[in-house]
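Q: just coords:
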């Protein structure tokens, strides 16, 4: 059974920092691209940051220079370090894992975590 378990969310003041973690189980972590998405009330879910199985990284323009994504394949965990947080960063943050297996093994696979709330407010 595949599980993605996020942790590290909470309430923080503007300008503060949080570190989110997503621990994966039930998958061969190293072959999956990992990403962090977020969804604010009344808005669509959006990609915040992603890291491929090969280590290539991309960020949403709104978080460049403030957020850092990293992965530890030995721990089956992906992290999102969030600095200089702003009220507009308030959202539920979701961990995503995706890969494309050979067709005989099922093709595209994608999994989501349950989400963790991040609230930036004074």
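A: Good, I have the coordinates. Worth saying up front: this structure is predicted, and the values here are computed from it rather than measured.

Q: now the farthest one out in the chain, which residue is it?
A: Computed with Cα atoms, centre = their mean, the residue of the chain farthest from its C-alpha average is residue 104, at 28.4 Å.

Q: Could you grab the helix/strand/coil label for it?
A: Put simply, residue 104 is helix when judged by DSSP: H, G, I helix; E, B strand; the rest coil.

Q: got a pLDDT number for it?
A: Residue 104 carries a pLDDT value of 93.

Q: Quick check: it vs residue 32, distance?
A: 18 Å (Cβ to Cβ, to the nearest Å). Using the backbone N, CA and C atoms, a C-beta is placed for each residue, glycine as well.

Q: still on that earlier bit, ok, so what distance separates the residue farthest from the centre of the chain from residue 2?
A: From residue 104 to residue 2 the distance is 19 Å (Cβ to Cβ).

Q: Next: residue 84.
A: Distance, residue 84 to residue 2, using Cβ to Cβ: 33 Å.

Q: repeat for residue 16
A: 32 Å.

Q: Those two - which one has more neighbours?
A: It is residue 16, of residue 16 and residue 2, that has more neighbours when counted by other Cβ atoms under 10 Å, with 15 against 12.

Q: My guess is the more buried one contacts residue 86. True?
A: No - using Cβ atoms under 8 Å, residue 16 is not in contact with residue 86, being 10.0 Å away.

Q: Mutual contacts of these two, please.
A: When contacts are counted by Cβ atoms under 8 Å, 6 or more residues apart in numbering, residue 16 and residue 86 have residue 120 as shared neighbours.

Q: Confirm residue 88 sits in a helix?
A: Yes - applying three-state DSSP, one finds residue 88 inside a helix.

Q: and it, what does it touch?
A: Residue 88 neighbours (Cβ under 8 Å, 6+ apart): 40, 62, 120.

Q: and if you look at residue 48?
A: 35-38, 59-60, 63, 67, 80, 93.

Q: Many thanks, have a good one.
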